[in-house]
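Undergrad: Sequence below, structure please.
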Amino acid sequence: MNDTRSWDLRLGYLIHDVSRLRRVSFDRELSPMGITRSQWWVLAFISRNDGLPQTQLAHELDVGKVALGSLIDRLQTSGFVERRPDAKDRRVKRVFLTDKARLLIKKIGPVTDSFNSRILEGVSREDLELTSRTLYAMKQNLIALAAEQDEEEEIPGTPAPRISVL
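TA: Numbering: from 1, shown residues only. Prediction:
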């Protein structure tokens, strides 16, 4: 295998492993607070977009409606969110944070800051900025590639799926 191909494979594995290890470790950090990383991810998004319709929330988070519905069910049972019917269309359910969720978000902020500080220990600000710019450029290239693939697969008369940029 040539050196370039070997580097490409190592980079892919490294990105995957860092993402996986970060998810597992962050779940452990949040466990004592009675919430999972997936639930936190939804709460954090809702905190910036309180009152979105559940279907739009699923679309924005790029998750299936059923998977999000289960997450919202657990969050609602725990008292972190409430569903309210839309004022104009009662079939539409909007998702809102509760005061309990707002308190949790305030508690999780320092936990997240501490976690990020620990996993970035020994990484210079310059390296971090370069890594961020590189990953952002890769993300933009992947979004463009997905859009090109969607155009190639598009069936006349049907809309192409939207690509999340989260």
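Undergrad: Assign the residue nearest to the spatial centre of the chain to helix, strand or coil.
TA: Residue closest to the mean C-alpha point of the chain, counted by C-alpha atoms, centre = their mean, is residue 41 at 5.6 Å. Of the three states, residue 41 takes helix according to DSSP: H, G, I helix; E, B strand; the rest coil.
Undergrad: Look up the closest residue to it, ignoring the ones flanking it.
TA: Leaving out its chain neighbours, the residue that sits closest to residue 41 by C-beta to C-beta, 6 or more residues apart in numbering is residue 61, at 7.5 Å. For the C-beta atoms, the positions are set from N, CA and C on the backbone; glycine is no exception.
Undergrad: Low-confidence regions, this protein specifically.
TA: Filtered on pLDDT under 70, the chain yields the residue ranges 1-5, 154-166.
Undergrad: can you give me the strands in it?
TA: Here the chain has its strands, by DSSP state E, at 52-53, 81-85, 93-97.
Undergrad: what's the nearest residue to residue 67 if we skip its chain neighbours?
TA: With C-beta to C-beta, 6+ apart as the criterion, residue 67 has its nearest non-adjacent residue at 7.8 Å, and that residue is residue 58.
Undergrad: quick one: the residue nearest to residue 41 from residue 70, how far?
TA: From residue 61 across to residue 70, the span is 13 Å (C-beta to C-beta, to the nearest Å).
Undergrad: Of those two, which one has the most company?
TA: residue 61 (19 against 12; other C-beta atoms under 10 Å).
Undergrad: Please verify my assumption that that one contacts residue 67.
TA: No - taking C-beta atoms under 8 Å as the definition, residue 61 is not a contact partner of residue 67, at 9.3 Å.
Undergrad: To what extent is residue 36 buried, counted in neighbours?
TA: Residue 36: 15 surrounding residues under other C-beta under 10 Å.
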